[in-house]
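A.B. asks: sequence and computational prediction follow.
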Amino acid sequence: MPEFLAELLNQNDIFTAPTIMEYWGGLVTTVQLVFLSLILGLLVAVPLAIMRTSKNPLINGPVWFYTYIFRGTPLLIQLYIIYYGLAQIEGIQQTFWWDIFREAFYPALLAFTLNTAAYTTEIIRGAIVATPSGEIEAAKAYGMSWALRMRRIILPSAARRGVQAYSNEVIFMLHASAIASVVTLVDLTGAARNIYSRFYAPFDAFIFVALLYMVLTFMLVFAFRKLENYLLQHQRPVSG
Amino acid sequence: MIDLKGYGPALLEGAVVTIELAFFSLALALVLGLIGASAKLSKSRVAIGIATTYTTLIRGVPDLVMMLLFYYGGQVAVNNLSDYLYDAYDIDFFFQFDPFISGVITIGLIFGAYMAETFRGAFLAVESGQIEAARAYGFSRWRTFHRIILPQMLRHALPGIGNNWQVLLKTTALVSIIGLTDMVRVAEEAAKAERMPFHFFIPVAFVYLSLTAGSELFIKWLNKRANIGVVQGS
């Protein structure tokens, strides 16, 4: 640690090196949790969104039901049901699953993944449904099979239309991850709550963590703006 | 009917608390949203600056962190104020910051920022010719606002208000974390005591689901009403 930083830390009672390390640990947990749940959620959402656009009610019905339930109830309830509920499943404590789900991280990851997958499914579905019919006709005229059409035409085109709504979902997920602290996980908010109760200093503990979340949010906003520019570069007005 | 092990009345009371919380927060959010949107559309640089800072700050911070800040921080602030008043002016003033008030303030502030964006867009969607016509008839600013702008902007704002309301409704669950005995809190205590998580959380989830589903229908109906007489391109 640089000299001036060590000196600065010694000048106050709250933001000492252990406190900073606690926040750092929280940051790592939050980033891991949000990043993993978003990646897994996206992987689940793409096939579900394709199923959701199917005309067969036996295929799109269950997906509709899933997204309806998960979008219509608070994430906190979903987290409680999974966190407290998994332990109650008959016989789970004898299987290897128990080694995984005994830690709070994995039930939280499962709840967040299922929640974000539901929202993402609807975002992608909206983008798929909005594909201009001419693009699909053209693909058919070229003799593309359903799978090729999906991979080469519909999904890339849907990604361009969905990226803006998806960026909102990512930020929503970052903010929603704060509730992981209620199931004993020490994420950023959990760290702030620990610091608060140790020093009884709500303003220092929570305003600092609010600033950290703000930095993370604006980094995400910036990254998504770059991604949008990249995906939509063919629509940029020709200059000069 | 499922057996709620005697927690039924408490759960019902909790549901009422949840609904009250949601409506009070919505009222605050609508007021803040109107003020925020007016500030953003005003010509005053200070007002624009304050409103923009407000909406940007709210978007950057998780709702739970803000709630914890207001609840714990609010109490410390009140304690300090009460000490100061007692020492300086001999006034005995004390005020217990309860979770319900903190919840309403936090949720109202958060959704006020989102409402401000919704209202801003809706205000801009009102044709300027309408406002010019009102001015030409000699309407005062206030009269132009409540007779001409407000009724026309509501139609554009309704879908946005509806979306915000749906999210707001689900955000009320967070207030159980700072100790409000809403239905989530009751269910959590019951689930822990009886070791039956599914038994108590699933009915609560259903209450939320029916609230969101009911609101969806109501908003659809409102939308239809607000758009009477508007020719829509098919």
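C.D. replies: Looks like it arrived, so ask away.

A.B. asks: rest of the way, CA atoms for contacts and neighbours
C.D. replies: OK.

A.B. asks: wait, isn't A:Thr29 in contact with A:Gly190?
C.D. replies: No: with contact defined as C-alpha atoms under 8 Å, A:Thr29 does not count as touching A:Gly190 (9.9 Å).

A.B. asks: more neighbours, the two?
C.D. replies: Each of A:Thr29 and A:Gly190 has its neighbours counted (other C-alpha atoms under 10 Å in any protein chain shown); A:Gly190 has more, 26 against 19.

A.B. asks: distance check, that one against A:Val209.
C.D. replies: Separation of A:Gly190 from A:Val209 (C-alpha to C-alpha, to the nearest Å): 10 Å.

A.B. asks: any idea how far chain B is from the residue nearest to A:Ile14 when sequence neighbours are not counted?
C.D. replies: Nearest residue to A:Ile14 in three dimensions, chain neighbours excluded: A:Phe199, at 7.1 Å (C-alpha to C-alpha, 6 or more residues apart in numbering or on different chains). A:Phe199 is 12 Å from chain B, where distance means C-alpha to the nearest C-alpha, to the nearest Å.

A.B. asks: now for the longest helix along chain A, which elements pack on it?
C.D. replies: Ranked by number of residues, the top helix in chain A under DSSP state H is helix A:17-52. With contacts taken as 3 or more C-alpha pairs under 8 Å, 6 or more residues apart in numbering or on different chains; DSSP states H and E, helix A:17-52 sits against helix A:57-72, helix A:105-129, helix A:155-176, helix A:188-199.

A.B. asks: pLDDT value on the residue positioned nearest the centre of chain A, please?
C.D. replies: In chain A, the centroid-proximal residue (C-alpha atoms, centre = their mean) is A:Leu38; its distance is 3.7 Å. Residue-level confidence at A:Leu38 comes out at 95, pLDDT.

A.B. asks: what do you get for the one 3 residues further on?
C.D. replies: The confidence metric pLDDT takes the value 95 at A:Gly41.

A.B. asks: same check, this time on B:Phe218
C.D. replies: 93.

A.B. asks: and if you look at B:Ala77?
C.D. replies: Turning to B:Ala77, the model gives it a pLDDT of 84.

A.B. asks: how close does it sit to chain A?
C.D. replies: 9 Å.

A.B. asks: count the residues that sit near that residue.
C.D. replies: 15.

A.B. asks: hmm, back to that, ok, the residue nearest to A:Ile14 touching A:Thr16?
C.D. replies: No: contact criterion C-alpha under 8 Å: A:Phe199 and A:Thr16 do not qualify, at 11.7 Å.

A.B. asks: what residues do these two have in common as contacts?
C.D. replies: Taking C-alpha atoms under 8 Å, 6 or more residues apart in numbering or on different chains as the contact rule, A:Phe199 and A:Thr16 have no neighbour in common.

A.B. asks: what does chain A have sitting close to chain B?
C.D. replies: Contact residues, chain A versus chain B (C-alpha under 8 Å from any C-alpha of the partner chain): A:69, A:72-77, A:80-81, A:84-85, A:88, A:174-176, A:178-179, A:182, A:189, A:202-203, A:206-207, A:209-211, A:213-215, A:217-218.

A.B. asks: just the residues you listed: which are in helices?
C.D. replies: A:69, A:72, A:75-77, A:80-81, A:84-85, A:174-176, A:189, A:202-203, A:206-207, A:209-211, A:213-215, A:217-218.

A.B. asks: determine the set of other helices and strands touching the longest helix along chain B.
C.D. replies: Secondary structure assigned by DSSP H gives helix B:8-41 as the longest helix of chain B. Packing partners of helix B:8-41 (3+ C-alpha pairs under 8 Å, 6+ apart): helix B:45-60, helix B:99-125, helix B:150-171, helix B:183-194.

A.B. asks: mind checking which of those is nearest B:Arg135?
C.D. replies: The closest of these to B:Arg135 is helix B:150-171. By C-alpha to C-alpha, the value is 15.0 Å.

A.B. asks: that closest one and chain A, any residue contact?
C.D. replies: Yes: Helix B:150-171 reaches chain A (C-alpha under 8 Å from any C-alpha) through B:Lys170, B:Thr171.

A.B. asks: show me what that helix is packed up against.
C.D. replies: helix B:8-41, helix B:99-125, helix B:197-226.

A.B. asks: dump the ones you listed into TSV; add mean neighbour count as well.
C.D. replies: TSV is the format used below for the helices and strands packed on helix B:150-171 (neighbours: other C-alpha atoms under 10 Å in any protein chain shown):
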stretch	mean neighbour count
helix B:8-41	20
helix B:99-125	23
helix B:197-226	17
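
A.B. asks: distance to B:Ile161 for these - can I get that in a markdown table?
C.D. replies: Below are these laid out as a markdown table (distance: least, C-alpha to C-alpha, whole Å):
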| stretch | distance to B:Ile161 |
| --- | --- |
| helix B:8-41 | 9 |
| helix B:99-125 | 7 |
| helix B:197-226 | 9 |
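
A.B. asks: circling back: just name the most buried of the helices and strands packed on helix A:17-52.
C.D. replies: Each of the helices and strands packed on helix A:17-52 was scored by mean neighbour count; the highest is helix A:105-129, a mean of 23, by mean count of other C-alpha atoms under 10 Å in any protein chain shown.

A.B. asks: where's A:Arg160 relative to chain B, distance?
C.D. replies: Applying C-alpha to the nearest C-alpha to A:Arg160 and chain B gives a distance of 23 Å.

A.B. asks: pretty sure that residue sits against A:Leu231.
C.D. replies: Yes: the criterion here is C-alpha under 8 Å, and A:Arg160 meets it with A:Leu231 at 5.9 Å.
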